[in-house]
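Student: generate coordinates for the sequence data below:
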Amino acid sequence: MSAGMLEFLIFDLEIFTSVTHKYLWSVVI
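Tutor: The predicted structure follows:
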């Protein structure tokens, strides 16, 4: 796996977690 691909996956994961957290908080609150 290339470094560029790894960075893209990590970046995508950060977006996914941030969106998931916002969604969860909007449901909780």
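Student: tell me where this structure is predicted with low confidence.
Tutor: Within the chain, the segments meeting pLDDT under 70 span 1.
Student: now the helices: where do they sit in it?
Tutor: 3-28 (DSSP state H).
Student: ok, now how distant is residue 7 from residue 13?
Tutor: Note on residue 7: its distance to residue 13, by CB to CB, to the nearest Å, is 11 Å. Every C-beta, even on glycine, is put in place using the N, C-alpha and C of the backbone.
Student: for residue 19, same thing?
Tutor: Taken as CB to CB, the span from residue 19 to residue 13 is 11 Å.
Student: which neighbours do those two share?
Tutor: Here residue 19 and residue 13 have no joint contacts, going by CB atoms under 8 Å, 6 or more residues apart in numbering.
Student: show me what contacts residue 11?
Tutor: No residues are in contact with residue 11 under the rule CB under 8 Å, 6+ apart.
Student: er, residue 25 actually
Tutor: Contacts for residue 25 (CB under 8 Å, 6+ apart) come out as none.
Student: quick check: it vs residue 11, distance?
Tutor: 22 Å.
Student: what's the answer for residue 3, then?
Tutor: Taking CB to CB, one finds residue 3 at 12 Å from residue 11.
Student: repeat that for residue 27.
Tutor: 25 Å.
Student: same check on residue 21?
Tutor: Relative to residue 11, and taking CB to CB, residue 21 is found at 16 Å.
Student: cool, residue 17 as well?
Tutor: Residue 17 is 11 Å from residue 11, by CB to CB.
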